[in-house]
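> Just need the structure, nothing else, for what follows:
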Amino acid sequence: PQPHNVRADIVLRSCILALIILGLLSVPTKESVASSLTRDTSAMLRLDVDLLARHGLIKSPVTSWPLYWPALMQDLRAVRPSQLNALVKKSYDRVFHRGTQALNGQSRNFFTVTSVTGDTRRSQFGRLNSQSVYASVTHEGHASSIDYRLRLSGQSDDTNAALRGSYIGWRMKNSILGLGRVDHWWGPSYAASLILGNNAPARPGFFFKTAHTEPIDLPILKWLGAWSINGIAEILDDERYVDKAKLVGLSASFRPAPTWEISVRRTAQWGGEGRPENLSNFVDLISGAKDNCGEISCKGDEPGNQLAAIDVEWHLPERWGSYYLQYIGENESGLFPSRGSYQIGVKGEMDLADQPWQMFVELADTASSKNNFKERRYNNLYNHGIYKSGYRYHRASLGSPWGNDSQVLSVGLQANINSTEYVDIRMSGGKINRDSIDAAATRHSLSETGAEFIEFEARRTWQMNFGAIETGIAYLNYVDGQVPSEDEGMRLNLGFAKDF
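Just a heads-up that it's a prediction; the model follows:
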């Protein structure tokens, strides 16, 4: 029989092609949209979006990617570009140009190929883990109220890359309901999202997004400001302890003031072979009231492996930067998240060579708290007694790329030179699965025996007449321990991309 991931890809590909054909047979509407979602986790785009949000030009929430172009463009169309300073206007022009291209109704195609001399197993925002060679061909188009992205790709040693980034969606006024393999990133950070990031391969499933630049016109709720809601329902079709488990998630973000964005998020592994999948059990999952029951007799009906998170981002005036925090709870106590892990960070802009450069600093600690953070509890986050494969997909963490029980500091310096050229310099260092470095092995997505590392990477894109060239250099050193399947030492990166 075919492996589950192969069967799921066949079904997903058939559904996407069928919906595209159905859309092409529909009568086009007056509104033309080629792709209403931003392209996956685009670091170039996010750099400009963050700057515009920090300056109050984008009022809708911007920490749940991919973003919804109609909401972004509604904010940008209300701006008077002539009143912007030169550096902010460059970012405005780039985002407005990209949004106009995405919403102009014309089909678009692009091709990418990347070669790397060493393998890594960790992904960050805008950077997927590298495995020798990656290539993709993408077509974006629309018909009537349907827009789609079909991406055919291949990556050495990875059979799950075939449709990563593909989707087909049904657009409504401020919303989209879609089906595909889409990467999601929930949080204000760049190096790691503790609740949901792009570290694991994209899963097949449904997604829903709605974004509104105006507050809800109801008492009390109107104080929440601009808002967005994101939902997912995906199948974990890899080889795992509980076969065919589902990943469901819901995120709500609000901008009660131009300087604040607050998000509450929830994800859960639910169902699967041998586990209840009825409506009553799903209601228990949503309420969280029966999470982590203490008796053996109720384990058979326990709703699932649940996580909850809250993140807050505070924009200081002008160039003073943004401060952010993400707190994630693995368990529930009194209907609130408990045994939490955290991430803190700051990002801000500076002028270098007449360009707005952004610098970020982030600290992530994925050991769980005990006694109000006075003690740390290990082997808890991303692990579960029933879903023994953990909060992982193809053995990669669905949250932080460092996995559980890790403490990592990350620093980055980024700049958009122009609409197609980009500089990205990052450095990370810390301990992975730190309680196992000098102790017994424990379950972990990267290293069961722990490791201490330092990594540096720099990338630069160059625009040529025939397309864009990306060059990169990186160095990885394990001070203690080792992560299997990662190549220590220097690695080089060379890529090519072209729209046509």
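> switch to C-alpha atoms for all contacts and neighbour counts from now on
Will do.
> How much space separates the one residue sitting closest to the centre of the chain from T449?
A centroid search over the chain (Cα atoms, centre = their mean) returns W185, at 1.8 Å, as the residue closest to the centre. Here the distance between W185 and T449 works out to 28 Å (Cα to Cα, to the nearest Å).
> Do I have it right that S145 meets S175?
No - contact criterion Cα atoms under 8 Å: S145 and S175 do not qualify, at 11.2 Å.
> remind me which residues of this protein are low pLDDT?
1-34, 40-41, 130-131, 156-161, 288-300, 318-319, 331-338, 371-373 (pLDDT under 70).
> still on that earlier bit, report the contact partners of the nearest residue to the residue nearest to the centre of the chain once chain neighbours are set aside.
Sequence neighbours aside, G197 is the residue nearest to W185 in space, at 4.3 Å (criterion: Cα to Cα, 6 or more residues apart in numbering). Neighbouring residues of G197 by Cα atoms under 8 Å, 6 or more residues apart in numbering: 124-125, 183-186, 398-400.
> rerun that using 10 Å as the cut-off
Counting by Cα atoms under 10 Å, 6 or more residues apart in numbering, G197 touches 41, 64-65, 123-125, 183-187, 189-191, 397-401.
> Strands - which of the residues you listed land there?
Counting by DSSP state E, the part of the contacts of G197 found in strands is 64-65, 185-186, 397.
> Relative to F466, which of these is nearest.
For these, the residue nearest F466 by Cα to Cα is W65; the value is 29.7 Å.
> ok, now how distant is the closest residue to that closest one other than its chain neighbours from N433?
Among residues not flanking W65 along the chain, W185 sits closest, at 5.0 Å (Cα to Cα, 6+ apart). Note on W185: its distance to N433, by Cα to Cα, is 23 Å.
> Please apply the same query to Y323.
Y323 is 27 Å from N433, by Cα to Cα.
> who has more neighbours, these two?
When Y323 and N433 are compared for neighbours, N433 comes out ahead with 28 against 20, by other Cα atoms under 10 Å.
> first vs last residue of stretch 440-454, how far apart are they?
23 Å.
> So that it lines up with my notes, have the first residue be 641 from now on.
That works, and once the first residue is 641, the last one we named lands at stretch 1080-1094.
> Go ahead and measure how far that stretch is from the middle of the chain.
23 Å (Cα atoms, centre = their mean, to the nearest Å).
> How about stretch 853-860?
The answer for stretch 853-860 is 27 Å, by Cα atoms, centre = their mean.
> same for the longest strand seen in the chain, what does it pack against?
Longest strand in the chain by number of residues, with DSSP E as the criterion: strand 976-992. Strand 976-992 is packed against helix 683-694, strand 944-955, strand 962-973, strand 995-1005, strand 1008-1010, strand 1015-1017, strand 1047-1056, with contacts defined by 3 or more Cα pairs under 10 Å, 6 or more residues apart in numbering; DSSP states H and E.
> In TSV, list the ones you listed along with distance to L724.
Listed next are those as TSV, based on distance: least, Cα to Cα, whole Å:
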stretch	distance to L724
helix 683-694	11
strand 944-955	18
strand 962-973	20
strand 995-1005	14
strand 1008-1010	45
strand 1015-1017	47
strand 1047-1056	18
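> any idea which of the ones you listed is most buried?
strand 944-955 (a mean of 24; mean count of other Cα atoms under 10 Å).
> tell me the contacts of S981?
834, 949, 966-970, 1004-1009, 1013, 1016-1017, 1021, 1044-1045.
> From D1045, how far out is it?
From S981 to D1045 the distance is 9 Å (Cα to Cα).
> which residues are in contact with both of the two?
Common neighbours of S981 and D1045 (Cα under 10 Å, 6+ apart) are 1004-1008, 1016-1017, 1021.
> hey, what's in contact with both of S785 and S815?
G809.
> tally of neighbours for R811?
R811 - counted by other Cα under 10 Å - has 18 other residues nearby.
> my guess is it contacts W709, does it?
No - using Cα atoms under 10 Å, R811 is not in contact with W709, being 11.5 Å away.
> For E901, which non-adjacent residue is spatially closest?
The shortest distance from E901 to any non-neighbouring residue, by Cα to Cα, 6+ apart, is to R895 (4.6 Å).
> OK, contacts around the one you found?
By Cα under 10 Å, 6+ apart, the neighbours of R895 are 699-702, 853-855, 863-868, 901-903, 953.
> Now do the SS call for it.
strand (DSSP: H, G, I helix; E, B strand; the rest coil).
> and if you look at Q714?
Relying on three-state DSSP, one would call Q714 helix.
> how many neighbours does it have?
Neighbours of Q714 (other Cα under 10 Å): 15.
> Over to D991?
12.
> give the contact list for it.
727, 959, 997-998, 1055.
> what about 6 Å?
For D991, the contact set (Cα atoms under 6 Å, 6 or more residues apart in numbering) is empty.
> Run the angle between the longest strand of the chain and strand 944-955 for me.
40 degrees (axes from the mean of the first three to the mean of the last three Cα atoms, to 10 degrees).
> which of the residues in strand 976-992 are buried?
For strand 976-992, burial by neighbour count (16 or more other Cα atoms under 10 Å) applies to 977-989.
> now do stretch 852-863
Buried residues in stretch 852-863 (16+ other Cα under 10 Å): 852-855.
> try stretch 1025-1042
1026-1027, 1029-1042.
> if I look at A832, how far off is F750?
Relative to F750, and taking Cα to Cα, A832 is found at 27 Å.
> Now the element after the strand or helix carrying A775, going C-ward?
If you go by DSSP states H and E, A775 is part of strand 773-783. Where DSSP H and E defines the elements, the next helix or strand beyond strand 773-783 is strand 786-795.
> what's the angle from that following strand to strand 773-783?
170 degrees.
> helices or strands next to strand 786-795 in the packing?
If you count contacts as 3 or more Cα pairs under 6 Å, 6 or more residues apart in numbering; DSSP states H and E, strand 786-795 packs onto strand 773-783, strand 807-811.
> Out of the ones you listed, which is the most enclosed?
Most buried among the helices and strands packed on strand 786-795, counting by mean count of other Cα under 10 Å: strand 807-811, with a mean of 23.
> Give me the distance between the helix or strand that that one is followed by and the centre of its chain.
Tracing the chain C-terminally past strand 807-811 and defining elements by DSSP H and E, one meets strand 815-821 next. Strand 815-821 sits 15 Å away from the centroid of its parent chain (Cα atoms, centre = their mean).
> Not counting its own residues, what contacts strand 815-821?
Residues from elsewhere that reach strand 815-821 (Cα under 6 Å, 6+ apart): 804-810, 842-850.
> next one: stretch 785-792
By Cα under 6 Å, 6+ apart, stretch 785-792 touches 663, 675, 776-781, 802-803, 806-811.
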